[in-house]
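Colleague: model the structure of this input:
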Amino acid sequence: MNDWLSERSGSSPSHPALIFERYVWTYAELDACVSQLCGRLAARGVMPGQRVAAYLPNRPEYVALIHALARLGTVLLPLNTRLTAPEIAFQLGAAQVDWLIYGDGTAPGITALPVRVGAIPLDSDTLTGGRDPNWGARPINLSDPAAILFTSGTTGQPKGVVLTWGNFHHSALASAQRLGSGPDDRWLVCLPLYHVGGLSIVLRCCLFGTTVVLHERFEAGAVAGALPGVTLVSLVPTMLRRVLAVLEARDFPANVRAVLLGGAAAPAGWVAECAARGVPVALTYGLTEASSQVATATPAEVRRKPGSVGKPLGGVELRIANYANDHVGEILVRGPIVMAGYLGEVPVGEGWLSTGDLGWLDEDSDLLVVQRRADLIVTGGENVYPAEVEAALLAHPAVREACVVGLADAEWGQIVGAVVVVGWGEAFAEDPCDSRRRLAANASPLHGGPEEELNTFLRERLAGYKIPRHWRFTDELPQTASGKVSRNAVLALFEQTIGIEAQDVDH
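Modeller: Numbering: from 1, shown residues only. Have a look, this model is predicted:
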């Protein structure tokens, strides 16, 4: 098959491909921009088979670059724009990158790099001008590598995940089979394009003629305002919470047929509340090593079983590797969506991918994800799943957000710590004596009333060893670039205040 943009441009030339702010590009217009960009990059020396890093924010030129690199036959390395110079240098060196493409906003970070690669600036002028006749359609071999994305996995050491065109192709087909995707859809993308969640959406939309509605970054108000004009949106739980806070009591836009929710644990009770409010949550489980989605429950399935991420996508196999005497075990994945392998390591082939995540399959063979194994807290020999404690905390009406982590302890091995965001809202304003309002009003110090009330609340719901021993209250939970709660930053809060050593757990 030819590169996906040329195929789509030939069949749907006048259909909108990309919307950014007030600008719209049809597939034919985007194809012309990509053709021109290919000519510019080739003139600079970019050749098939080379590895090209992209150090760019979510902008239309980034979308054009993704398609241009596919047409040139190169391999894309998307760089997290929040990385430090040493972190970028590590990835460039490990992937043996030939070129680094950067934008106006990321140019300052290039000068500090301790490695030398060919650097090429890219700006909005990329999307102007005519088609280069030398760069039309190019055949794509599905076994060829398409991208290298770095992830810390369960070890904390960044590892390069090699994803092929076949991985992305099978992922797109399986996702569309489960949720549907076509020219009538508009997919809001506020996830970073350097994240597999954002990149995979750009590619699958091109395959099915769906319009990408691109946001430069996640802003709750902007996403809430854009929802009436889209049919699909991908978010992580923290993002959806903030969007719903902006919408307040207003109805969720009926034109949105699915909110793909993944990237972090979502308490079943809260998911059920979202569904009852009319939010069409499609709960999904995935990871970079599996090209994004592995299993997804449709909105109808979520309403019936809020705690489940449903069955694996078509062509994907799941297995639970049991340990101890529990039904919970490590989730193993096999199928055409699984990466070729990690850079410098033995290819995965047709074997099972160990995800490092914990879950179980119910009587219907639906998957329920419990926790990342790296996040599991073992205190005095007892297993504590942070997601379970977070769900119990979120059941308190004054708790808006919560993150639970394991803290090193000489006696117990680990103890439980919690960082909580509290707020009472208009519903409690009439009663100044309401305990939930008192909780929010005293939400600053480490010692005082809030933790006592939450301890009492949790003791009615959880075993004693699951209740946090250390508390921290804040106005906002720290986030990673992809919108997940940063557990590293949460651990650092405790390290600063009680001297507990933080361990790398972000992934």
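Colleague: which of the residues in stretch 379-391 are buried?
Modeller: 379, 383, 384, 385, 386, 387, 388, 389, 390, 391 (16 or more other Cβ atoms under 10 Å). The way it works is simple: take the backbone N, C-alpha and C, and place the C-beta from them, glycine included.
Colleague: most widely separated two among those?
Modeller: Greatest spatial distance among the buried residues of stretch 379-391 (Cβ to Cβ): 379 and 391, at 18.1 Å.
Colleague: show me where the stretch 351-500 of the chain has helices.
Modeller: Secondary structure of the stretch 351-500 of the chain (DSSP state H, counting those that start in this stretch): helices located at 386-394, 435-441, 450-459, 487-498.
Colleague: same question for the second one, mean pLDDT?
Modeller: So that's helix 435-441. Mean pLDDT, helix 435-441: 43.
Colleague: any weak-confidence spans in this structure?
Modeller: Residues of the chain meeting the criterion pLDDT under 70: 108-109, 112, 114, 152-157, 323-326, 381, 383, 424-449, 496-507.
Colleague: please redo it, this time with the cut-off set to 50
Modeller: For the chain, the stretches with pLDDT under 50 are 153-156, 425-448, 501-507.
Colleague: so where do the strands sit in the stretch 401-507 of the chain?
Modeller: Assigned by DSSP state E, counting those that start in this stretch, the strands in the stretch 401-507 of the chain fall at 413-422, 470-473.
Colleague: pick the most deeply packed of those strands.
Modeller: strand 413-422 (a mean of 22; mean count of other Cβ atoms under 10 Å).
Colleague: that strand pairs with which strands?
Modeller: Sheet pairing here is set by DSSP bridges, and for strand 413-422 it gives strand 399-409 (antiparallel), strand 470-473 (parallel).
Colleague: rewinding a little: make TSV out of the helices of the stretch 351-500 of the chain and add distance to residue 419.
Modeller: Compiled in TSV, these are given as follows (distance: least, Cβ to Cβ, whole Å):
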stretch	distance to residue 419
helix 386-394	10
helix 435-441	15
helix 450-459	12
helix 487-498	5
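Colleague: tell me which of these sits most buried.
Modeller: helix 386-394 (a mean of 22).
Colleague: and residue 92, which of the three is it?
Modeller: Look at residue 92: counting by DSSP: H, G, I helix; E, B strand; the rest coil, its state is helix.
Colleague: what about it, how many neighbours?
Modeller: 23 (other Cβ atoms under 10 Å).
Colleague: my read: it touches residue 100, true?
Modeller: Yes - because the distance of 6.8 Å satisfies Cβ atoms under 8 Å, residue 92 is recorded as touching residue 100.
Colleague: show me the common contact partners of these two, please.
Modeller: In terms of Cβ atoms under 8 Å, 6 or more residues apart in numbering, residue 92 and residue 100 are both contacted by the residues 53, 113, 117.
Colleague: what's around the last one, how many residues?
Modeller: Right, residue 117. 18.
Colleague: for it, give me phi and psi.
Modeller: phi -140, psi 160 (degrees, to the nearest 10).
Colleague: residues touching it, list them.
Modeller: Neighbours of residue 117 in contact, by Cβ under 8 Å, 6+ apart: 53, 92, 97, 98, 99, 100.
Colleague: doesn't the last one lie inside a strand?
Modeller: Yes - note on residue 100: a strand contains this position according to three-state DSSP.
Colleague: one step back: which one, of the helices of the stretch 351-500 of the chain, ends up nearest to residue 35?
Modeller: Closest among the helices of the stretch 351-500 of the chain, using Cβ to Cβ: helix 487-498, at 42.3 Å.
Colleague: which element follows the helix or strand residue 285 falls within toward the C-terminus?
Modeller: Element membership of residue 285 [criterion: DSSP states H and E] is strand 281-287. With elements assigned by DSSP H and E, the helix or strand that comes after strand 281-287 is strand 292-296.
Colleague: burial count for residue 273?
Modeller: Count around residue 273 with other Cβ under 10 Å applied: 14.
Colleague: confirm it sits in a strand?
Modeller: No - applying three-state DSSP, one finds residue 273 to be helix, outside a strand.
Colleague: and it, how far is that from residue 266?
Modeller: 11 Å (Cβ to Cβ, to the nearest Å).
Colleague: follow-up on the earlier one: distance to residue 487 for the strands of the stretch 401-507 of the chain - can I get that in TSV?
Modeller: Converted to TSV, the strands of the stretch 401-507 of the chain look like this (distance: least, Cβ to Cβ, whole Å):
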stretch	distance to residue 487
strand 413-422	10
strand 470-473	13
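Colleague: out of those, the one nearest residue 233 is which?
Modeller: Closest among the strands of the stretch 401-507 of the chain, using Cβ to Cβ: strand 413-422, at 22.9 Å.
Colleague: any idea how far that closest one is from the chain center?
Modeller: Strand 413-422 has its average C-alpha position 23 Å from the chain's average C-alpha position, going by Cα atoms, centre = their mean, to the nearest Å.
Colleague: so the closest residue in space to residue 25 that isn't next to it in sequence, which state does it fall into?
Modeller: Nearest non-adjacent residue to residue 25, counting by Cβ to Cβ, 6 or more residues apart in numbering: residue 18, 4.5 Å away. With three-state DSSP as the basis, residue 18 sits in strand.
Colleague: what are the bridge partners for residue 18, then?
Modeller: Counting by DSSP bridges, residue 18 is bridged to residue 25, residue 212.
Colleague: burial count for it?
Modeller: Residues lying near residue 18 (other Cβ under 10 Å) number 24.
Colleague: kindly report the same for residue 364.
Modeller: The burial count for residue 364: 11, using other Cβ under 10 Å.
Colleague: number the chain from 55, please
Modeller: Right, with 55 as the first residue, what we last looked at is residue 418.
Colleague: who's in contact with it?
Modeller: Applying Cβ under 8 Å, 6+ apart, the residues near residue 418 are residue 359.
Colleague: for it, give me phi and psi.
Modeller: phi -100, psi 10.
Colleague: so how far is residue 283 from residue 290?
Modeller: The value you get for residue 290 to residue 283, if Cβ to Cβ is used, is 21 Å.
Colleague: these two: which is more packed in?
Modeller: residue 290 (22 against 14).
Colleague: test my guess that that one contacts residue 537.
Modeller: Yes - between residue 290 and residue 537 there is a contact at 4.5 Å, judged by Cβ under 8 Å.
Colleague: measure residue 128 to residue 511 for me?
Modeller: For residue 128 relative to residue 511 (Cβ to Cβ), the value is 55 Å.
Colleague: now residue 181
Modeller: Taken as Cβ to Cβ, the span from residue 181 to residue 511 is 53 Å.
Colleague: same deal with residue 154?
Modeller: For residue 154 relative to residue 511 (Cβ to Cβ), the value is 51 Å.
Colleague: domain ranges for the chain?
Modeller: Listed by automatic domain parsing, the domain ranges of the chain are 58-194, 255-428, 430-552.
Colleague: off-centre distance for the first one?
Modeller: Relative to the chain's own centre, domain 58-194 is displaced by 21 Å; criterion: Cα atoms, centre = their mean.
Colleague: for the last one, same thing?
Modeller: For domain 430-552, the distance between its averaged C-alpha position and the chain's averaged C-alpha position is 23 Å (Cα atoms, centre = their mean).
Colleague: what do you get for the second one?
Modeller: The gap between where domain 255-428 is centred and where its chain is centred comes out at 9 Å by Cα atoms, centre = their mean.
Colleague: measure stretch 69-78 end to end?
Modeller: This stretch, stretch 69-78, spans 10 Å end to end (Cα to Cα, to the nearest Å).
Colleague: tell me which residues in it are buried?
Modeller: Those would be 70, 71, 72, 73, 74, for stretch 69-78 by 16+ other Cβ under 10 Å.
Colleague: wait, isn't the third one in contact with residue 268?
Modeller: It refers to residue 72. Yes - here residue 72 reaches residue 268: they are 6.4 Å apart, a contact under Cβ under 8 Å.
Colleague: who touches both of these two?
Modeller: 114, 117.
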